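Peer 1: what would the 3D arrangement of this be:
(2 chains)
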Amino acid sequence: MTDTADQLSHALAHPAAALREPSLGSRLDPWVKSYAQRTAGMTTSEIRALFSVASRPEVVSLAGGMPYLSALPMDTVAATVAQMLATQGLTALQYGSGQGDPTLREQILEVMALEGISAHADDVMVTTGSQQALDLVTRIFIDPGDVVLAEAPSYVGALGVFASYQAEVAHVASDNDGLVPHALEERIRGLLASGKRIKFLYTVPNFHNPAGTTLSPQRRPQILEICQRHGILVLEDNPYGLLGFDGEPPAAMRSLSEDGVVYLGTFSKTFAPGLRVGWALAPHAVREKLVLANESAILCPSAYAQMTVSAYLATCDWKAQIKVYRELYRERRDAMIESLSARLPQASWTHPEGGFYVWLTLPEGLNAKAMLPRALTERVAYVPGTAFFADGTGHRNVRLSYCYPDPDRIREGVRRFAGVVQSELELLETFGPYDVTTGRAVRSRGVQSPAVDLS
Amino acid sequence: MRHVLVLAGGLSHERDVSLRSGRRVADALSRAGVEVHVRDVDQTLVAAIMSSPPEVVWPVLHGATGEDGALRDVLASLGIAYVGSRPASCHLTWDKPVAKALLAAAGVSTPAGVALSHATFRELGAPALLESVVDSLGLPLAVKPTRGGSALGLTIVRSAADLPSAMIAAYAYGDIALIEQFVAGTEVTISIIEDEHGQARSLPAVEIVPDGGVYSYEARYTAGATEFFTPARLSSSAADSAAAASLTAYRTLGHRHLSRVDLIIDADERPWFLEANVSPGMTETSLFPMAIEAAGLETSGVYAGIVERALTTS
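Peer 2: Residues are numbered from 1 along each chain as shown, chains lettered A, B, ... in the order given. This is a model prediction of the structure:
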């Protein structure tokens, strides 16, 4: 008999000897009472776990937001990186400036010029993806209970940041032309009347994630004027601006207002998200605080990643690459819209002119979150609309992404999705309408979205 | 050195739990000096096993193929020793109403309930059928898919008005829903392992007190969201009858090597059988490893012992 077997039979024969008396409760986490209040929403969720299946090849994932990197000329990129390391390795692998590499900041000005922005490199700060810029802006402006205005729906990653700083998110109605100015005005008045302190408006004006809509040129000055009048900063998050399918990129809101806008940009969609290089362009006083906040958070953004981007911009035809991405995503958008039109006449959806996402509204009475397990059984994944609202609404909505799967997979995914909707409608017919807000599927808190590396 | 292939992942709704369980089992076995490989279940699995057969396969799979016996049938036909219950036993356990009926026949109490498919509701009309279910079973009710684990699709229904949405939530996970009386009491789970003589032994009961009152998916896998008491705060007579009920379930359902039985102990100290698991969770927050620790044992030694049992009993 082995020692282990010996030990096992002893313990099993004399269970009482092994037991600790009296029985004390355990929460499996000795620090459970120590966590800050801001972690309240940071829990595991059934929905998040379900996405685990979505990474399997059998499943058509219309849930992720990963750019289609196979379209990058990887040989060229590899050679560029090798050359950069060979000639500037000592700088690339060393600590850098907290504000970011000066050469890259100059190049960022060229990128932003495509959207009508003129600025000074001193007011640009490089961050670890624009997500970190979002975090830093929230950190320097938000005290617990302060209000952030955001589109309805809004980017799930931003909602997660706002929640972690205990901001209150007030959604503002949006339609096919983006934020609705008079709705914004009313919302602000209502919040001020109830004594709330509004710090900034968070908006994704171009090819919105998840809505797929774009703020019209007519509304941009109106939104800026309203915010300026009420002393509310505008946080313009623009990851998709250069990925429009038709015509020139829309003029950034920052091109209309230097003092009232903090602009966030990124190379994640136009080049590669793995490098985690984004930036903030801010009025000088805000920028000073952002740089200090950046240093306290990460000391400095990765010099290696910045210099890789810088070398890529300097030596590769990055504008041609953006064109490649645009054409590719346009073809996928078309495949998705055509399939939806053919297979889901009972639903409605937005018609994105750029970016990665279609925002779909299910027939009355359906609950996208409750329906997700069925979809995964049928081997198709999407993100339920509730992820994009801080107020628990969005049950009838679905975000479908077309950035990663090829057109044939998209068509197959939509075919499966339509079958799932049909089955769910049959259930609804059997059980009749029910209040989607009382169901178990909507009770959980926290961010209910897939992990970022989902295809 | 033993060579064990741990299977984790799969295509079920519990893929994430399975991946985490698999890593934990593999770690524990490695500590015991076992050579372990972990892999997913996919179209290349059978060929991979045939070209390089492991000594023992441990399917740490939750949901569908992993727990319904199908994969074990395949392993048996390939002549590979595997950990856990045989296919027929899995079939009986996997289908909760079947397991309940067998346990009731064996003299163990189990909450009254009905298993109904969506088709039945469509044929007979949902409002009348739901009303008759509430009339006969009363409230509160537990509604769950007849197959599957981790409380996915589970709703505790306290008002008849919430029943339709609970049905829809359960049908999202499977074709048949089990509606059963919700028995109030102490929620415990008892893990069972076979000793080296093939004798089934019950480990100390673990008592579960979830913060929200329901041991939901979130309560299961968020560390800190549930308080556990090991051993359960039961009188010795209640603990004995709970252990006896769990061993009856193990034998009645024909389990092998290891399993876990979920029970409610009511105010009269009577154990009520809820369900059994041929592939219990093995994650950081799972109950089976907790019970091993409560017995004063190490997971590595116990898991290595289970591997030995799989070899001697195949």
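
Peer 1: surely residue B:158 is in contact with residue B:140?
Peer 2: Yes - when contacts are counted by C-beta atoms under 8 Å, residue B:158 is listed as touching residue B:140 (4.6 Å). C-beta here means a position set from N, CA and C on the backbone, and glycine is covered the same way.

Peer 1: and those two? which has more neighbours close in?
Peer 2: Ranked by neighbour count (other C-beta atoms under 10 Å in any protein chain shown), residue B:158 and residue B:140 place residue B:140 first, with 14 against 11.

Peer 1: output stretch A:327-338 as PDB, nothing but the C-alphas.
Peer 2: Only the C-alpha atoms of stretch A:327-338 are listed here, as PDB (Å, rounded to 0.1, in the frame of the first residue of the first chain):
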ATOM      1  CA  GLU A 327     -12.400  47.200 -48.500                       C
ATOM      2  CA  LEU A 328     -12.300  44.000 -46.500                       C
ATOM      3  CA  TYR A 329     -14.700  45.200 -43.800                       C
ATOM      4  CA  ARG A 330     -17.000  46.700 -46.400                       C
ATOM      5  CA  GLU A 331     -17.400  43.300 -48.100                       C
ATOM      6  CA  ARG A 332     -18.100  41.700 -44.700                       C
ATOM      7  CA  ARG A 333     -20.600  44.400 -43.800                       C
ATOM      8  CA  ASP A 334     -22.400  43.800 -47.100                       C
ATOM      9  CA  ALA A 335     -22.500  40.000 -46.500                       C
ATOM     10  CA  MET A 336     -24.000  40.600 -43.100                       C
ATOM     11  CA  ILE A 337     -26.600  43.100 -44.100                       C
ATOM     12  CA  GLU A 338     -27.600  41.000 -47.100                       C
END
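
Peer 1: show me what it is in contact with.
Peer 2: Contact with stretch A:327-338 is made by A:62, A:68, A:71, A:243, A:245, A:349, A:351-352, A:354-356, A:358, A:400, A:402-403, A:405-408, A:410-411, A:414, as judged by C-beta atoms under 8 Å, 6 or more residues apart in numbering or on different chains.

Peer 1: list the buried ones in it?
Peer 2: Neighbour counts over stretch A:327-338 (16 or more other C-beta atoms under 10 Å in any protein chain shown) mark A:328, A:329, A:330, A:332, A:333, A:335, A:336, A:337 as buried.

Peer 1: and the closest residue to chain A within chain B, how many neighbours does it have?
Peer 2: Chain A sits closest to residue B:296 of chain B, with a gap of 3.0 Å, by C-beta to the nearest C-beta. The number of residues packed near residue B:296 is 17, by other C-beta under 10 Å.

Peer 1: now residue B:192
Peer 2: For residue B:192, using other C-beta under 10 Å, the count is 24.

Peer 1: part of a strand, is it?
Peer 2: Yes - counting by DSSP: H, G, I helix; E, B strand; the rest coil, residue B:192 is part of a strand.

Peer 1: quick one: the strands in chain B, in order.
Peer 2: With DSSP state E as the criterion, chain B has strands at B:3-7, B:35-39, B:56-59, B:81-82, B:113-117, B:141-145, B:155-157, B:176-181, B:186-194, B:200-202, B:206-210, B:226-229, B:258-265, B:271-277.

Peer 1: any idea how far the last one is from the chain center?
Peer 2: In terms of C-alpha atoms, centre = their mean, to the nearest Å, the centre of strand B:271-277 is set 9 Å apart from its chain centre.

Peer 1: mind saving the C-alpha coords of it as CSV?
Peer 2: Provided in CSV are the C-alpha atoms of strand B:271-277 (Å, rounded to 0.1, in the frame of the first residue of the first chain):
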residue,chain,number,x,y,z
PRO,B,271,-32.0,14.4,3.3
TRP,B,272,-33.6,15.2,-0.1
PHE,B,273,-31.8,14.1,-3.2
LEU,B,274,-31.4,16.9,-5.8
GLU,B,275,-28.9,15.5,-8.3
ALA,B,276,-25.7,13.6,-8.6
ASN,B,277,-22.6,14.4,-10.7
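
Peer 1: which helices and strands sit right next to it?
Peer 2: Strand B:271-277 sits against helix B:87-94, helix B:96-105, helix B:236-252, strand B:258-265, with contacts defined as 3 or more C-beta pairs under 8 Å, 6 or more residues apart in numbering or on different chains; DSSP states H and E.

Peer 1: if you set the cut-off to 10 Å instead, what comes out?
Peer 2: helix B:87-94, helix B:96-105, strand B:141-145, strand B:176-181, strand B:186-194, helix B:236-252, strand B:258-265 (3 or more C-beta pairs under 10 Å, 6 or more residues apart in numbering or on different chains; DSSP states H and E).
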